[in-house]
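**Q** dropping the sequence and predicted coords here.
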Amino acid sequence: MKFFSSYQSGFNSFFVEIGEMGNFTGRYFRELFSRPFEFREFLKQCYQMGNKSLLLVSVTGFILGLVFTLQSRPTLMEFGAVSWMPSMISISIVREIGPVIIALICAGRIGSSIGAELGSMKVTEQIDAMEVSGTNPFKFLVVTRILAATCMLPILVIIGDFVALIGSAIIENTKGDVSFLLYFNQVFEALEFTDLIPATIKTFFFGFAIGLVGCFKGYNSKKGTAGVGKASNSAVVFTSMLLFVLDFIAVFITDIFYN
Amino acid sequence: MEKKPVIEISHLYKSFGTVDVLKDFNLNLFEGENLVLMGKSGSGKSVMIKCLVGLMEVDKGSIKVLGKDISKLRQNELDELRTDIGFLFQGSALYDSMTVRENLEFPLRRHSHDTEKETKALVEEALENVGLPDTIDLMPAELSGGMQRRIALARALILKPKIIIYDEPTTGLDPITAKEIILLMMNIQEKYATSSLIITHDVDCARVISNRMILLLDGKDYAEGSFNDLAKSDDPKIKAFFK
C-alpha cells in the first residue's frame, strides 16, 4: 500500500510540475510580445550562450566526426562501400546525430548555467530586488534567455555539423586518400533540402526546450543553496529527456511529410 | 501641522497553509519619520514588508502606500509606485553578474530619461554618498559584506525615493561596520528627508535611529511607542526584546 502511495504522490507531483511548466510557457509567450523589449539583455545572452559555447560545440563536433568515420570505415570496407562514406556520414550527422549530440551538450552547458544563475538569483533575493525596482524580472531574465537559446542553438548546430564533417574529411583524407574537395563534393551531392530543413527546424525547438526548462527550474528554485544545485541538475536531466521526446516527434512528423 | 502617513497598513492577515504569520497587523509610517519594526526571527517582519511592496499577496486587510491601495493597482501602476520606494535587502541582493556601475544604472535606465552623462553623474553622486567612489568598476563578489550593503543602499537611493525600507540593515555585519551603516542611514534621512521603515532585531540600531517603534509579536503589532518608553515597560513580553 505504502509502495503505491509513494508512486501516486510521485505521479501527482510530476503532473503538477508539467502544469506549472505549461503556465510558465504561456506567460513566456504573453511577455514575449509585450513591451518593453529587453534587446540589450537579449544580445548579451546570445553572446553568452553562442560565443561561449562555440569552443565546446566545435571540439565535440570535431571528435564526433573523427570517431564516427573511424568506427564506420571497417564495416563499409567489408562491404566494399567505402565510397559511400561522405554521403552516409553527412546525412547521419546533419539529420540526426549532430542536432541531438550538440543539443545534449548545450543542455549541459546552457541549461545548467541558466538553472544555476536564476536559482542563485532567486535565493539571494536578486529577483525580488529587480521586481521592487519596478522591472519585470520575468521579461528581463526569462524571456531574453529562452529567446537567446532558441536563436543560438540552430547556429551552434550548423557550426557543429560543419566541424564534424571537417573531422570526418580529415580521417578520409589520411586513411583513404580522399581529397577535401572530393569529400565535400560528395557531401553536397548527398544532402538535400529535405535533410537540412527539418533538421534545422527541430533545433529551434531544442533551443526553446533548453532555455525553457533551465529558466523554469531556476526561477522556481527553493530551499536555499541546495535548491540551486537541484535546479541546475534537474534542468539538465529534464531537458535531456525532453530533447529525445522532441526528436522523436520531429522525426515522426518529418516521416509523414517527406516519405 | 500634522504629518501625513506615507504607509498605512490596516488589519493585515497573511498565512502559509495552517500557519498564521500576520494576524490583524496595523502600521502607519508618517512623512519624514524613522519607524523601527522589531520582532523575533520568524515573527513575520520580512513577510510584512514583502506584502508591502507587492512581492506577496495578502490574505486580508489593506495596504496603502502614498495614498494608493496596492491591491487595486495594475502592474504598470505598481511598478511606477515602486520607484518611490527604496528597498535595502537583508543580503544586499546586488546583481552579481553586473559591476557596481551597472547595478546602480539598472533602475535609472528603466525609470528615468537621463542622458548618458546625467546617468554617470547620478551614479557617481550615489557612490560618493555612501563613501565608495572607487568601487565603480568592481564586481559585487570583490566587495566586503559592509561595502555590499553600502552599494545596495546607493542603489536603493538612486531614484530619490520618498520611502526607504531597510530589511535587517545591520545583520551579519561586525559592530563597527554596523555603526557605519547606521550613521549612513541617518545621514541619508537628513539629506533626502525620506521616510524610513527599518526592520531589525538589533537593539542598538533601534535606539540610535528610531523616532518610534512597533513591536511585532504573534503576528500582531503588540506595542508601540518611543524607544525609551518601550525599554522602560514592565510588560515581560516587551522586556524580552530589550534584554
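**A** Arrived safely.
**Q** now residue A:146: closest residue in space, sequence neighbours ignored.
**A** residue A:211 (3.6 Å; Cβ to Cβ, 6 or more residues apart in numbering or on different chains). Every residue, glycine included, has its C-beta placed from N, CA and C.
**Q** how about the contacts made by that neighbour?
**A** Listed by Cβ atoms under 8 Å, 6 or more residues apart in numbering or on different chains, the contact set of residue A:211 reads A:110-111, A:114, A:145-150.
**Q** from residue A:142, how far off is it?
**A** According to Cβ to Cβ, to the nearest Å, residue A:211 and residue A:142 sit 8 Å apart.
**Q** all the helices of the stretch 1-150 of chain A, residue numbers only.
**A** A:2-32, A:39-46, A:52-78, A:85-92, A:98-106, A:112-123, A:126-132, A:137, A:144-176 (DSSP state H, counting those that start in this stretch).
**Q** and what of chain B?
**A** Taking DSSP state H, the helices of chain B run over residues B:45-52, B:75-82, B:100-111, B:116-129, B:145-157, B:175-192, B:203-209, B:227-231, B:236-242.
**Q** filter the contacts of residue A:211 down to the buried ones, PyMOL style.
**A** Of the contacts of residue A:211, the buried ones go into a single PyMOL selection, burial set by 16 or more other Cβ atoms under 10 Å in any protein chain shown:
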select buried, chain A and resi 110+111+114+145+146+147+148+149+150
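**Q** which residues of the stretch 1-150 of chain A lie near chain B?
**A** Proximity of the stretch 1-150 of chain A to chain B, by Cβ under 8 Å from any Cβ of the partner chain, involves residues A:117, A:120-121, A:124-126, A:128-136.
**Q** any weak-confidence spans in chain A?
**A** Residues of chain A meeting the criterion pLDDT under 70: A:1-4, A:259.
**Q** what do you get for chain B?
**A** Per-residue confidence for chain B (pLDDT under 70) gives these ranges: B:1-2.
**Q** point to the residue nearest the middle of it.
**A** residue B:165 (1.5 Å; Cα atoms, centre = their mean).
**Q** hey, what's residue B:25 bridged with?
**A** Note on residue B:25: beta-bridge partners residue B:12, judged by DSSP bridges.
**Q** tell me how far it lies from residue B:106.
**A** 32 Å.
**Q** between the two, which is the more surrounded one?
**A** residue B:25 (25 against 20; other Cβ atoms under 10 Å in any protein chain shown).
**Q** wait, that one touches residue B:220, no?
**A** Yes: the pair residue B:25 and residue B:220 passes the contact test of Cβ atoms under 8 Å, sitting 6.0 Å apart.
**Q** need the contact partners of stretch A:56-66.
**A** A:89, A:93, A:97-98, A:101-102, A:105-106, A:109, A:156, A:159-171.
**Q** what do you get if the cut-off is 6 Å, keeping everything else the same?
**A** A:101-102, A:105, A:109, A:156, A:160, A:163-165, A:167-168, A:171 (Cβ atoms under 6 Å, 6 or more residues apart in numbering or on different chains).
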